[in-house]
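**Q** next comes the sequence, and after it the predicted model I'd like to discuss.
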Amino acid sequence: MQVEIWSDVVCPWCYVGKKRFERALGGLAWRDEIEVRYRPFELDPTVPPSGVDLDAYLAEKYGDLGRVRAGHAHLTGAGAELGIEFRWEGQRRPNTFDAHRLLAWALDHAGPTPQAELKERLMRAYFTEQRDVASADVLRELAGEAGLDTARADEALERGAYA
């Protein structure tokens, strides 16, 4: 069975959902018969390449900073139950177009398992380590940490593959 999941690497509820889905799959006797493929879904393609302050971005989107902080508190609790350590303070909202291109490349050139490892690595890098997942250097490094060929990942990003 093939399952396709459309999500953004900077969507906290997508990260929570990913972990909950993995937990549910882990309990299935036929888990090895399920292939998960991640598809791109940019929550906001208008975010500039340099990114924006996350609190200001979300306050504008949702009305006020109090609502944003309440949402973050709720997400922090939901994430903690799943082993996700959300870190919100000083966070920036990056443009995720290149991260999605890299995920598409990973699927086509390495398959669904390495792609899933890269997806996890991108989300942990953003939410826990507060790394810039729009940076070509960071994307290359994370690809390597996910077991992918960094030179080929660089090449795909540089030539505009999957744009």
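**A** In hand now; what should we look at? Numbers count the residues shown, from 1 in each chain.

**Q** what's the pLDDT at the residue of the chain most remote from its centre?
**A** Computed with Cα atoms, centre = their mean, the residue of the chain farthest from its C-alpha average is Ala29, at 27.5 Å. We have a pLDDT of 92 for Ala29.

**Q** any idea which element it lies in?
**A** Counting by DSSP states H and E, no helix or strand carries Ala29.

**Q** look up phi and psi at it.
**A** Main-chain dihedrals, Ala29, degrees, to the nearest 10: phi -60, psi -30.

**Q** buried ones in stretch 121-132?
**A** 121-127, 131 (16 or more other Cβ atoms under 10 Å). The way it works is simple: take the backbone N, C-alpha and C, and place the C-beta from them, glycine included.

**Q** cool, and stretch 46-66?
**A** Neighbour-count burial for stretch 46-66, counted by 16+ other Cβ under 10 Å, picks out 47, 51-52, 54-55, 57-59.

**Q** let me see the ranges of the strands in this protein.
**A** Taking DSSP state E as the criterion, the chain carries its strands at 2-7, 35-40, 52-53, 92-93.

**Q** Ala99 is nearest to which of those?
**A** strand 35-40 (8.7 Å; Cβ to Cβ).

**Q** so how far is the closest one off the chain centroid?
**A** In terms of Cα atoms, centre = their mean, to the nearest Å, the centre of strand 35-40 is found 12 Å from the chain centre.

**Q** next: stretch 28-37.
**A** Remark: stretch 28-37 is offset 21 Å from the chain centroid, using Cα atoms, centre = their mean.

**Q** again, but for stretch 144-155
**A** Here stretch 144-155 is found 17 Å from its chain centre; the criterion is Cα atoms, centre = their mean.

**Q** what's in contact with it?
**A** Identification of contacts with stretch 144-155 by Cβ atoms under 8 Å, 6 or more residues apart in numbering yields 102, 105-106, 109-110, 114, 117-118, 120-121, 136, 139-141, 143, 161.

**Q** most tightly packed of the strands of the chain?
**A** strand 92-93 (a mean of 20; mean count of other Cβ atoms under 10 Å).

**Q** tell me the helices and strands packed up against it.
**A** The helices and strands touching strand 92-93, judged by 3 or more Cβ pairs under 8 Å, 6 or more residues apart in numbering; DSSP states H and E, are strand 52-53, helix 54-62.

**Q** list the buried ones in stretch 69-80?
**A** Buried residues in stretch 69-80, counted by 16+ other Cβ under 10 Å: 72, 75, 78-79.
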